[in-house]
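# Fold the following for me, if possible:
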Amino acid sequence: MLAGEIPTWIGEIYNMHYLNFRGNKFHGSIPQEICNLTYIQVLDLSINNLSSIIPDCFSNLTVMARKNSQFPNPGPSISTVIISQNAEENKRYGYSSFQWKGHEWEYKQNLKFLKLIDFSSNRLTGSIPRSFSYMKGLNSLDLSRNSLTGNIIEDIGKMEMLNSLDLSYNQLSGKIPTSLAEIYSLGVLDLSNNNLSGKIPTSTQLQSFNASVYAGNDGLCGDPLPRCPGNRLRPPTTNHPRENTNEKDDNVGLSFMQEVGISIAFGFIFGFWGVIGTFMLKKSWRIAFFNSFDAIGDWFYVRIVVSLSKWRHN
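Got it, this is the predicted structure:
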């Protein structure tokens, strides 16, 4: 139930490893001095009323910048501050609990291997600090449920050890950086309910996630969402593209048959009715036409009689 602003003197506890202010009523901004905690491994400020922008100074967090889990021993000093909803339980049993992959996890001996930043469920604004890309050893980053704007940082792929990334329920825009596909350790991802657009980068890593990971971004397309309009290069995953091709071929064939039918109709009208109409209007043509038929019939009759006579005599 602590309120007020996070004090700037917190940055003077240089040897701190774990700072958990989760679930209080802190307001105001995240102090710039927090980046003086060069040994910090867990920084949890989630579920408060913090506002303003996130300070762009995380390149100073040297322990989080290292991919291995080893860090220098700072000597005897305060290393952990836990002011959270479970503070009494943490103090009694000697462990801490943090949000990890969307669930509450308790850490005892393995706490030293965890590197985590959680600023979720506040009222933070502005863009994601570019200095986040320096934290190559960070395991989990949760900035969800804020009011962050701008693009996802292009160099996010430099966070090579990132296993969990949650940027959901913000106002982020632009394309998903292609470098995100280079984080092969990424096991949990949530980019839902933003204003992201464009094609999801093609990679086995990003396409393996469920479509719900990208839901609520009307401008996004590509696997596992519906394919992008005009995208002819993406291999078909269903039979729909072939069915559409057949339908198009059928339409072309139908158009050709219509043209043939129209041609036949006009030919019949101008050919047949042209001749019959002329015979009906001109009596002399009609008489000449039937006389020619009589002459042809007489010629055939004579030829048949002559042929039969020759056959009998032979």
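
# only C-alpha atoms for contact and neighbour calcs from this point on.
Noted.

# Pull the number of nearby residues for Leu114.
For Leu114, the count of nearby residues is 18 (other C-alpha atoms under 10 Å).

# ugh, typo on my part, it should be Gly4
12.

# Next, it: secondary structure please.
In the three-state summary, Gly4 is assigned as strand, counting by DSSP: H, G, I helix; E, B strand; the rest coil.

# I'd guessed it sits against Ser29; true?
No. Checked against C-alpha atoms under 8 Å, the pair Gly4 and Ser29 is beyond contact range at 10.4 Å.

# And the strands in the stretch 101-250 of the chain?
In the stretch 101-250 of the chain, the segments counted as strands under DSSP state E, counting those that start in this stretch are 103-107, 116-118, 140-142, 164-166, 173-174, 188-190, 195-199, 219-221.

# Switch those strands over to CSV; also include mean neighbour count, mean pLDDT and distance to Leu50.
Formatted as CSV, the entries for the strands of the stretch 101-250 of the chain read as follows, by neighbours: other C-alpha atoms under 10 Å; pLDDT from 0 to 100; distance: least, C-alpha to C-alpha, whole Å:
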stretch, mean neighbour count, mean pLDDT, distance to Leu50
strand 103-107, 12, 48, 21
strand 116-118, 22, 93, 12
strand 140-142, 23, 94, 15
strand 164-166, 20, 94, 18
strand 173-174, 17, 96, 22
strand 188-190, 19, 94, 22
strand 195-199, 19, 95, 23
strand 219-221, 19, 93, 30
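
# Can you list the low-confidence ranges for the chain?
68-113, 231-260, 266, 268-286, 288-290, 293, 313-314 (pLDDT under 70).

# Go again with 80.
Counting by pLDDT under 80, the low-confidence segments of the chain come to 67-113, 230-314.

# Domain boundaries for it, per the record?
Taking automatic domain parsing as the reference, the chain has its domains at 3-221, 282-314.

# Out of the ones you listed, flag the one nearest Pro229.
domain 3-221 (8.4 Å; C-alpha to C-alpha).

# right, and Met16 touches Asn36 too?
No. Contact between Met16 and Asn36 fails when scored by C-alpha under 8 Å: they sit 9.9 Å apart.

# Show me what the helix or strand in which Gly297 is found is packed up against.
In this structure, Gly297 sits in helix 283-313 according to DSSP states H and E. Judged by 3 or more C-alpha pairs under 8 Å, 6 or more residues apart in numbering; DSSP states H and E, helix 283-313 is in contact with helix 240-281.

# Of the domains of the chain, flag the one that's most buried.
Scoring those by mean neighbour count under mean count of other C-alpha atoms under 10 Å gives domain 3-221 as the most buried, with a mean of 18.

# Which helix or which strand is home to the nearest residue to Asn49 once chain neighbours are set aside?
Taking C-alpha to C-alpha, 6 or more residues apart in numbering, and ignoring the residues beside it in sequence, Asn49 has His27 as its nearest neighbour in space, at 4.6 Å. Taking DSSP H and E as the criterion, the element that holds His27 is strand 25-28.

# ok, residues contacting that strand?
When contacts are taken as C-alpha atoms under 8 Å, 6 or more residues apart in numbering, the neighbours of strand 25-28 outside the stretch itself are 1-6, 47-52.

# Adding distance to Thr178, write those out as TSV.
Converted to TSV, these look like this (distance: C-alpha to C-alpha, whole Å):
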residue	distance to Thr178
Met1	42
Leu2	41
Ala3	40
Gly4	40
Glu5	38
Ile6	36
Ile47	31
Asn48	32
Asn49	33
Leu50	31
Ser51	30
Ser52	29
